[in-house]
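Enquirer: Got a predicted structure here, sequence first:
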Amino acid sequence: MSEIKKFMYVNRKAPYGTVYALESLEVVLIGAAFDQDVSLAFVDDGVYQIMNGQNTTGIGMKNFSSTYKALGDYEVTKLYVEKESLEARGLTVDDLMELTWEDEDDDYEEKPSIRLVSSAELAEVMADQDVVLSF
Amino acid sequence: MGIEVNGKTLEVDEEGYLADLSTWVPEVATVMAKEDGQELGEDHWELINFLREYYEEYQIAPAIRVLTKAIGKKLGKDKGNSKYLYELFPYGPAKQACKYAGLPKPTGCV
Amino acid sequence: MLHTVNKSPFERNSLESCLRLSAAGSAILLFEDAVVGAVTGTNIADKVSAALADREIYVLGPDLAARGLDQSKLIDGIKVVDYGGFVDLSVEKSAVQAWV
């Protein structure tokens, strides 16, 4: 096996208006089969992808927000959310879905997947990646 | 393309997956199984229902390793492995069980 | 790490986000419409100048020329590269983040 690489998916677009958010999510789920160190970043309008209470019945599109809740099952457990992007949009972490993962090594304890970080902190995490995929 | 269920024709795609998830009724699974020359027992239904619930909650058909893990947790370790799933569905849980359950082809099915 | 930006900073926030989220020591390449952010006198020039303190900023020459922007108007410290230089940067820096 080749060594494990750090993959970060950077999400910067709101869902539904364009196909980026859904495409990114699908690539993440497919890519999760390859046993890499995967993380997601939500910046700019990307933070709207994981808003709580999305309801798409009126626009006739599939509401894929609940699929983010499956990310933990796919061992994608690091979701970085940039604080500055939330603040610029009048949002706090309470406006986001509660996303968790179960730690098998810790008696299946549910742990939060969302990591609220500052721009500077996220910049450091991003700089440390082997591969960055932008959506 | 379509399949005949309860006197109605339900649309399926070129691989036989139901085009509209909401048209699913249990007979869909029975009819599809019959075409594959298979009888559905209690264990098959347990898995089909599990998949439908998973889809209801997460809006995706789980990848096989996610499925085995989730099944192991919910239905017991003896069932949470691909050997068990392939015994029930020899064409593969994705190709068969998801299809019978009316789900799309699994995301992450490589 | 190399960050690339190809959208005008007056139309999208890509350049601003890039400046906010690029770590010290990383390189930034402006090409296509983003080259308009490389010149002096704009309302984003101060932010670009400030980033030059701890990051390298490059601009793709052919895209500048195509838009009639003279190299003499570039913000001090920004380096001009051609397509070969773009490729060299991509190879040299470990990962690339495209601010599309």
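Expert: It's in. Residues are numbered from 1 along each chain as shown, chains lettered A, B, ... in the order given.

Enquirer: Number of residues surrounding residue 23?
Expert: Picking chain A for this. Per other C-beta atoms under 10 Å in any protein chain shown, the neighbour tally for A:Glu23 reads 12. Heads up, the C-betas are built off the backbone N, CA and C, glycines and all.

Enquirer: could you do chain C instead?
Expert: 18.

Enquirer: who touches it in this structure?
Expert: Contact partners of C:Ala23, counting by C-beta atoms under 8 Å, 6 or more residues apart in numbering or on different chains, are A:Ala123, A:Glu124, A:Met126, A:Ala127, C:Met1.

Enquirer: now the helix ranked longest in chain B: how far from the chain's centre is it?
Expert: Ranked by residue count and defined by DSSP state H, the top helix of chain B is helix B:42-58. Between the centre of helix B:42-58 and the centre of its host chain there is 7 Å, according to C-alpha atoms, centre = their mean, to the nearest Å.

Enquirer: buried sites along the helix or strand following it?
Expert: Helices and strands here follow DSSP states H and E; after helix B:42-58, the next one along the chain is helix B:64-75. By neighbour count on 16 or more other C-beta atoms under 10 Å in any protein chain shown, the buried set for helix B:64-75 is B:Ile64, B:Arg65, B:Val66, B:Leu67, B:Thr68, B:Lys69, B:Ala70, B:Ile71.

Enquirer: From those residues, pick the one nearest chain A.
Expert: Nearest to chain A, judged by C-beta to the nearest C-beta, of the buried residues of helix B:64-75 is B:Val66 at 4.7 Å.

Enquirer: The residue in chain A that chain B sits nearest to: how many residues sit nearby?
Expert: Across chain A, the shortest distance to chain B (C-beta to the nearest C-beta) belongs to A:Ala70, at 4.0 Å. A:Ala70 has 23 neighbours, counted by other C-beta under 10 Å.

Enquirer: That one and chain C: what is the separation?
Expert: A:Ala70 sits 26 Å away from chain C, going by C-beta to the nearest C-beta, to the nearest Å.

Enquirer: Could you dump the buried residues of helix B:64-75 into JSON lines and include distance to C:Ala27 and pLDDT?
Expert: Putting these into JSON lines (distance: C-beta to C-beta, whole Å; pLDDT from 0 to 100) gives the following:
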{"residue": "B:Ile64", "distance to C:Ala27": "41", "pLDDT": "86"}
{"residue": "B:Arg65", "distance to C:Ala27": "38", "pLDDT": "86"}
{"residue": "B:Val66", "distance to C:Ala27": "38", "pLDDT": "89"}
{"residue": "B:Leu67", "distance to C:Ala27": "43", "pLDDT": "90"}
{"residue": "B:Thr68", "distance to C:Ala27": "44", "pLDDT": "91"}
{"residue": "B:Lys69", "distance to C:Ala27": "41", "pLDDT": "89"}
{"residue": "B:Ala70", "distance to C:Ala27": "43", "pLDDT": "89"}
{"residue": "B:Ile71", "distance to C:Ala27": "48", "pLDDT": "91"}
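
Enquirer: in chain C, which spans are helices?
Expert: C:14-21, C:45-51, C:61-66, C:83-92.

Enquirer: Just name the most buried of the ones you listed.
Expert: Of those, the one with the most neighbours on average (mean count of other C-beta atoms under 10 Å in any protein chain shown) is helix C:14-21, at a mean of 23.

Enquirer: Give me the helices and strands touching that one, please.
Expert: Where contact means 3 or more C-beta pairs under 8 Å, 6 or more residues apart in numbering or on different chains; DSSP states H and E, helix C:14-21 is packed against helix A:119-127, strand C:2-5, strand C:27-30, helix C:45-51, strand C:96-99.

Enquirer: what about the last one, average pLDDT?
Expert: Pointing back at strand C:96-99 there. The pLDDT scores in strand C:96-99 average 96.

Enquirer: and what of the fourth one?
Expert: Taken as a whole, helix C:45-51 has a mean pLDDT of 98.

Enquirer: So for the residue nearest to C:Val80 when sequence neighbours are not counted, what pLDDT did the model give?
Expert: Once flanking residues are discounted, C:Val80 sits nearest to C:Gly61: 4.6 Å by C-beta to C-beta, 6 or more residues apart in numbering or on different chains. Looking at C:Gly61, its pLDDT reads 96.

Enquirer: Please list all residues in contact with C:Gly61.
Expert: Going by C-beta under 8 Å, 6+ apart, the list of residues near C:Gly61 reads C:Gln71, C:Val80, C:Val81, C:Asp82.

Enquirer: hmm, try it at 7 Å
Expert: Residues near C:Gly61 by C-beta atoms under 7 Å, 6 or more residues apart in numbering or on different chains: C:Val80, C:Val81, C:Asp82.

Enquirer: So which other helices or strands are in contact with the host helix or strand of A:Ser85?
Expert: Using DSSP H and E, the element containing A:Ser85 is helix A:83-88. Using 3 or more C-beta pairs under 7 Å, 6 or more residues apart in numbering or on different chains; DSSP states H and E as the contact test, no helix or strand touches helix A:83-88.

Enquirer: average pLDDT across that helix?
Expert: Averaged across helix A:83-88, pLDDT comes to 98.

Enquirer: what's that helix in contact with?
Expert: The contact list for helix A:83-88, computed with C-beta under 7 Å, 6+ apart, reads A:Val43, A:Asp44, A:Val47, A:Thr92, A:Val93, A:Leu116, A:Val117, A:Ser118, A:Ser119, C:Arg20.

Enquirer: Just these: which are in helices?
Expert: Those of the contacts of helix A:83-88 mapping onto helices are A:Ser119, C:Arg20, per DSSP H.
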